[in-house]
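1. Pasting the sequence and the predicted coordinates here, then a few questions.
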Protein chains: 4
Amino acid sequence: MQIGMIGLGKMGGNMAERLRRGGHDVVGYDRDPSISDVSSLKELVERLQAPRAVWVMVPAGKPTRSTVEQLRELLSEGDIVIDGGNSHYLDDQRHAADLGTHGIGFVDVGVSGGVWGLEYGYALMTGGEEEHVRRLMPIFETLKPEGEDGFVHAGGVGAGHFAKMVHNGIEYGMMQAFAEGWELLEASDAVTNVPETFKSWRHGTVIRSWLLDLLVRALEEDPDLSELKGYAEDSGEGRWTVQAAVDHAVPLPAITAALYARFASRQADSPAMKMVAALRNQFGGHAVASAEGQTGKGADAPGADVTPPVEVEG
Amino acid sequence: MQIGMIGLGKMGGNMAERLRRGGHDVVGYDRDPSISDVSSLKELVERLQAPRAVWVMVPAGKPTRSTVEQLRELLSEGDIVIDGGNSHYLDDQRHAADLGTHGIGFVDVGVSGGVWGLEYGYALMTGGEEEHVRRLMPIFETLKPEGEDGFVHAGGVGAGHFAKMVHNGIEYGMMQAFAEGWELLEASDAVTNVPETFKSWRHGTVIRSWLLDLLVRALEEDPDLSELKGYAEDSGEGRWTVQAAVDHAVPLPAITAALYARFASRQADSPAMKMVAALRNQFGGHAVASAEGQTGKGADAPGADVTPPVEVEG
Amino acid sequence: MQIGMIGLGKMGGNMAERLRRGGHDVVGYDRDPSISDVSSLKELVERLQAPRAVWVMVPAGKPTRSTVEQLRELLSEGDIVIDGGNSHYLDDQRHAADLGTHGIGFVDVGVSGGVWGLEYGYALMTGGEEEHVRRLMPIFETLKPEGEDGFVHAGGVGAGHFAKMVHNGIEYGMMQAFAEGWELLEASDAVTNVPETFKSWRHGTVIRSWLLDLLVRALEEDPDLSELKGYAEDSGEGRWTVQAAVDHAVPLPAITAALYARFASRQADSPAMKMVAALRNQFGGHAVASAEGQTGKGADAPGADVTPPVEVEG
Amino acid sequence: MQIGMIGLGKMGGNMAERLRRGGHDVVGYDRDPSISDVSSLKELVERLQAPRAVWVMVPAGKPTRSTVEQLRELLSEGDIVIDGGNSHYLDDQRHAADLGTHGIGFVDVGVSGGVWGLEYGYALMTGGEEEHVRRLMPIFETLKPEGEDGFVHAGGVGAGHFAKMVHNGIEYGMMQAFAEGWELLEASDAVTNVPETFKSWRHGTVIRSWLLDLLVRALEEDPDLSELKGYAEDSGEGRWTVQAAVDHAVPLPAITAALYARFASRQADSPAMKMVAALRNQFGGHAVASAEGQTGKGADAPGADVTPPVEVEG
């Protein structure tokens, strides 16, 4: 079928290519004219026959919002906008409502696949109305991996990005679990052959997984990871997962621990631990002076810290 | 080669069977005479030719300790005891030292494989001296799965059980990550098709793993897990992992969160939350009386909580 | 000075009373005509002389938003709106911007004090422009407790509610720490006299605090808290603290643990632990069938979980 | 009454002095002859009249164990040994059993008080038999602060150190809660006057406490703690608290978070985060080679990670 693709970077470009190889008619638009089929969104829309399908593959946040706003003005009733970027699911709901006032449909797609997607296909989690998803199925069939899994219509608008967000939250927790286990093995002198131990787990164990495969490869390249810094970025999805959990009163202790460990990894020095150090310092002698000063101003005054400080922790 | 197997339960019995199928000469001993080849440990030892190899496959703790003590008296210099149970790695070190005074070798083996091990092999993590492990390799080769992975000589005495312990700790963290993600998907109304969403993740995603396969199967049998109680036992290994981490000053926030979630799942009512509820109650009016009483007995007495309570949380 | 007070419930009513006792001219409005001085917001505004100060003391969210919107239309340039409720600090910034378009000032105040505030004063954390806060100082001086502490101009618009939010976050963490310590003492049989132990800590220890005083009182009334359920609500501030931390990439593990413990306390049965239980069930024999089925359909198919499941945890 | 004091360092020396001021007859022993009243433990014991009371105030672990062993040989039936150091409660139980075989009593005392104890008294948590504690009450009465609190007979042998251990665990949690709140305030630009905000909380709030007083003092000396490193030691009690909780299946998420934050503060670079970084690197392109290599060696081999890696997180 015919589709417009907005954003021809690494992801959008490869997806356009995979769709073309699958026999679809793709009209691509990118700010970079050297890779764009058309010179403007307006021209893109004009090149497509109604009812149109336009896939937006640009960064989440402002770029996606601005693109959706422009499409609302350019498209016609019956057209569909697909957001395949990493948008927040609440943004999806706003976009769908906004486009809906013009009779334009909206489908959100969480896309997993990275650099291998062109060849092996992309895992797709979709959200939107049944009818809209059905109309786009030829596209999804081409983009997804062969075989039965790798595609789901997860629910209404926002469900695709919500599912992808939770997927990434689970990923954080799993990575953290492996990382903690590795640190403990390294810290103990009980196990002297750590890379081989992980390698042995690839068969016949409960924890065998693609992440374990990656971990084994990483240790093959750098057996004690001495060439790496303990520094990890986090993507929006990890934060959104925790915030959505708090919104829904769902406890996520392991996933949150994973997120916080990443936050901490980017601090040269922990501010909170400065305060713990400061409190420990206060336990010592030099707080005596202040304490006496306070006592001097009246130990019986409301709220004075009457009893003197009395503890050296540890 | 020839080996003695002590403990012919589900695990020991199957392992003996797999060894026999592999051409080894296994003499089995069990307290249950109906499945035992010999009538006593003494007879077992007499039936084996020196230098002997005796595999202990009985519950960790007292049963293993007591068996090792008896073997110390029965075996001779040059023999080897293998502990294939779930012993703590510090127990291994005690057992090895103890047997070593009689010139008897010791190898600990963390075994993963459960009911499928007989047919597909057992993942083995071993600890002990190079020479001892080498002598036992014919046994390990038969027990382990075919192919290159599934076996490791992880280090000195205790390394096998330490590695297995950490494996189980990682497993706790991974299970918790999936469980949290599932709870969040269920709690939100964004995703209406939760089982299909998990199923779709089995291909092309970062989190594909054997645990995900199990999770999908569980949801196929009971799509919202309504037939289950949120109650999870924990095995010793999870606790030992956390305690070993504390001993080594290694932070394990995600794995510990997983362990604590299991602890909490077995409490009908959280004691800690009773105290939080009690404190919240005290914020309210009925603490006034006590407060006034205290004020009455002398607001300027050292340590009296002079300033009145002043906050209703929330 | 003259001030309008909107919302004459427990908090607003007592604050109006404390202000009157302090010599201020308070015009109160409440939806309940039996306690209201005026019949409408419009009349309230008419009764006040410009430049006016109007204190909004209604529930956060829609009621506050709606009140601010109405005041924007009724008030004049140079007037000031004070939000003393529990609004989110981002709401404050929206309200200030909105009122600012009409030349109306805005000050947010985090108020702590509950039922004892009328007599002992309210702890006040304020946010807004220097000049606005200065104009309201006579009001703040009367409301705050006597003595030097209990009032702060914490920063610009939103700072008052942000400070109050963090205060409550810290409170969550402290309550949780005490609750955990109590649970551990109760769980162990080492300490047989738990209430007396807490009581003894009220002097000469690092943890002496008003919360400890409350805890001791609670145990005096119900020594093992057997009359309470382990069920704890959470107010918005705890959630907002965690969400603000995630927004700022600040790790808050202890405060988040406290929030999650409250979430969990309200679940009859933990959904996440249902999934853990389900996975543990899958470790057992009845997963064999599915595993064989899968193998049957082609172990060499991409992504098939080739190796059979092989682990019984524990 | 008469008492022997072993260990005349900062703590033991001050306690001996406070006891003398209170009219007791103290015979002190220290390895340093310049401060010791006697030249050996043997002489100490000879100088005391039966039934004797000997207070051991030396470092926990080996020094205390060795001292108790020597006293077992030197003392007589009916004497009492008091361990006022920071011993583990399980050590207490071993010491009591050991001394009990010679008819010697044992009382453990958790002592809080630090440098202010000499003047203001020490908070004492005691464990042991009713009769032993009763005999020592004249000593405890002199050591403890004046007033009703600051002393507890918490239970049998070990209860004193168990109570002190939990006290320190709670302390960890409270310090962490304050530290997290401070970090969040500093990270946000909402509150520009952080030290004043904490100071204002000293009255009329839920979180007022001695730790808050210390925190305010610390910020008075160094308003943004810029002179401190975010580095915090941990004492044995924090670790023991977590390990005791794990032994008793009690979830301690906030206290454990506090302990782990200290562990992490002492790592120049987080090993776990190196692994997370390594995994994230593997998501990228350079894993392709390995992946292709694997595929090359036979995608249908059991356990080969058949499907290619397909995700760039974030």
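-> Great, that's in hand.
2. for A:A50, phi and psi?
-> When quoted as degrees, to the nearest 10, the phi and psi of A:A50 stand at phi -70, psi 150.
3. List the contacts of it.
-> Neighbouring residues of A:A50 by CB atoms under 8 Å, 6 or more residues apart in numbering or on different chains: A:76, A:78-79. Using the backbone N, CA and C atoms, a C-beta is placed for each residue, glycine as well.
4. Could you dump these into TSV and include pLDDT, distance to chain C and secondary structure?
-> Listed next are the contacts of A:A50 as TSV, based on pLDDT from 0 to 100; distance: CB to the nearest CB, whole Å; DSSP: H, G, I helix; E, B strand; the rest coil:
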residue	pLDDT	distance to chain C	secondary structure
A:S76	98	35	coil
A:G78	98	36	coil
A:D79	98	34	coil
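5. Low-confidence bits of the stretch 201-314 of chain A, can you list those?
-> Scanning the stretch 201-314 of chain A for pLDDT under 70 picks out the ranges A:284-314.
6. As a check, name the ranges of all helices in it.
-> Ranges of helices within the stretch 201-314 of chain A are A:210-221, A:236-247, A:253-265, A:271-283, A:287-296, based on DSSP state H, counting those that start in this stretch.
7. I'd like to know which of the contacts of A:A50 are buried.
-> A:D79 (16 or more other CB atoms under 10 Å in any protein chain shown).
8. which of the contacts of A:A50 lies closest to chain D?
-> Closest approach to chain D among the contacts of A:A50 (CB to the nearest CB): A:D79, at 29.9 Å.
9. That closest one and A:P51 touch, don't they?
-> Yes. Between A:D79 and A:P51 there is a contact at 5.4 Å, judged by CB atoms under 8 Å.
10. Need the residues touching each of the two.
-> With CB under 8 Å, 6+ apart, A:D79 and A:P51 have no common neighbours.
11. hmm, back to that, nearest to B:S87, of the helices of the stretch 201-314 of chain A?
-> Of all those, it is helix A:210-221 that lies closest to B:S87, at 25.0 Å by CB to CB.
12. Residues in contact with that closest one: which ones?
-> With CB under 8 Å, 6+ apart, helix A:210-221 has contacts from A:171, A:174-175, A:178, A:182, A:194-195, A:198-199, A:201-202, A:225, B:206-209, D:275, D:278-279, D:281-283, D:287, D:290, D:305, D:307, D:309.
13. I'd like the mean pLDDT over the lengthiest helix in chain A, please.
-> Counting residues, the longest helix found in chain A (DSSP state H) is helix A:159-187. For helix A:159-187, the mean per-residue pLDDT is 98.
14. Up against chain C, what does the stretch 101-250 of chain A have?
-> A:145-147, A:149, A:203-206, A:208, A:234, A:239, A:242-243, A:246-247, A:249-250 (CB under 8 Å from any CB of the partner chain).
15. Quick one, which of those residues are buried?
-> The neighbour count (16+ other CB under 10 Å) marks A:145, A:147, A:149, A:203-206, A:208, A:234, A:239, A:242-243, A:246, A:249-250 as buried among these.
16. of those residues, closest to chain D?
-> Once CB to the nearest CB is applied, the member of these that ends up nearest chain D is A:H203, at 4.9 Å.
17. Would you state the strands of the stretch 1-150 of chain A in chain order?
-> Assigned strands in the stretch 1-150 of chain A, in chain order: A:2-6, A:25-29, A:53-56, A:80-83, A:105-112, A:123-127 (criterion: DSSP state E, counting those that start in this stretch).
18. now for these, which one comes closest to D:L41?
-> strand A:105-112 (70.6 Å).
19. Which elements pack onto that closest one?
-> Packing partners of strand A:105-112 (3 or more CB pairs under 8 Å, 6 or more residues apart in numbering or on different chains; DSSP states H and E): strand A:80-83, helix A:89-100, strand A:123-127, helix A:130-143, helix A:159-187.
20. Just the C-alphas of the first one, formatted as PDB.
-> This points to strand A:80-83. Extracted C-alpha coordinates of strand A:80-83, given in PDB (Å, rounded to 0.1, in the frame of the first residue of the first chain):
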ATOM      1  CA  ILE A  80      -4.400   8.300   9.500                       C
ATOM      2  CA  VAL A  81      -1.300   9.500  11.300                       C
ATOM      3  CA  ILE A  82       1.000   6.900  12.800                       C
ATOM      4  CA  ASP A  83       3.500   7.900  15.500                       C
END
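21. That one close to chain B?
-> No. Shown here: strand A:80-83 not in contact with chain B (CB under 8 Å from any CB), separated by at least 14.7 Å.
22. who touches that strand?
-> A:51-56, A:64, A:68, A:71, A:75, A:92, A:95, A:99, A:104-109, A:132, A:135-136, A:161.
23. What of the third one?
-> With contacts defined as CB under 8 Å, 6+ apart, strand A:123-127 is touched by A:89, A:92, A:107-113, A:133, A:136, A:140, A:143-145, A:150-164, A:167, B:190-191, B:197, B:200-201, B:203-205, D:310.
24. 6 Å instead?
-> Strand A:123-127 is contacted by residues A:107-110, A:112, A:133, A:140, A:144, A:150-155, A:157-160, A:163-164, B:204-205 when judged by CB atoms under 6 Å, 6 or more residues apart in numbering or on different chains.
25. could you give the angle of that strand to helix A:159-187?
-> 140 degrees (axes from the mean of the first three to the mean of the last three CA atoms, to 10 degrees).
26. Kindly format the C-alpha coordinates of strand A:123-127 as CSV.
-> The C-alpha trace of strand A:123-127 is given here as CSV (Å, rounded to 0.1, in the frame of the first residue of the first chain):
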residue,chain,number,x,y,z
ALA,A,123,8.9,-5.8,17.0
LEU,A,124,5.7,-3.6,16.9
MET,A,125,3.3,-2.7,19.7
THR,A,126,0.4,-0.8,18.4
GLY,A,127,-2.4,1.3,19.9
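27. so how far is that strand from its chain's centroid?
-> 14 Å (CA atoms, centre = their mean, to the nearest Å).
28. could you give me the average pLDDT of that strand?
-> On average, strand A:123-127 scores 97.
29. circling back to that earlier point, can you tell me which two in the buried ones among the residues of the stretch 101-250 of chain A next to chain C are farthest apart?
-> A:H203 and A:A249 (40.3 Å).
30. Residue of the stretch 51-200 of chain A closest to chain C, please.
-> A:G147 (6.5 Å).
31. Just give the closest residue to the residue sitting nearest the centre point of chain A, not the sequence neighbours.
-> Residue closest to the mean C-alpha point of chain A, counted by CA atoms, centre = their mean, is A:E237 at 2.8 Å. Excluding the flanking residues, the one nearest A:E237 by CB to CB, 6 or more residues apart in numbering or on different chains is A:N168, at 3.7 Å.
32. what's around A:E77, how many residues?
-> The local packing of A:E77 (other CB atoms under 10 Å in any protein chain shown) involves 10 other residues.
33. ok, it - contacts?
-> Per CB under 6 Å, 6+ apart, neighbours of A:E77: A:G103.
34. For the stretch 1-150 of chain A, which residues are neighbours of chain B?
-> For the stretch 1-150 of chain A, the residues in contact with chain B (CB under 6 Å from any CB of the partner chain) are A:89, A:112-113, A:123, A:145, A:149-150.
35. One more pass at 10 Å, please.
-> Residues of the stretch 1-150 of chain A found near chain B (CB under 10 Å from any CB of the partner chain) are A:89-90, A:92-93, A:110-114, A:116-117, A:120-127, A:144-150.
36. Drop anything exposed from those.
-> By 16+ other CB under 10 Å, the residues of the stretch 1-150 of chain A next to chain B give A:89, A:92-93, A:110-114, A:116-117, A:120-127, A:144-145, A:147, A:149-150 as buried.
37. By proximity to chain D, which residue of the stretch 101-250 of chain A wins?
-> Among the residues of the stretch 101-250 of chain A, A:S235 lies nearest to chain D; the distance is 2.7 Å by CB to the nearest CB.
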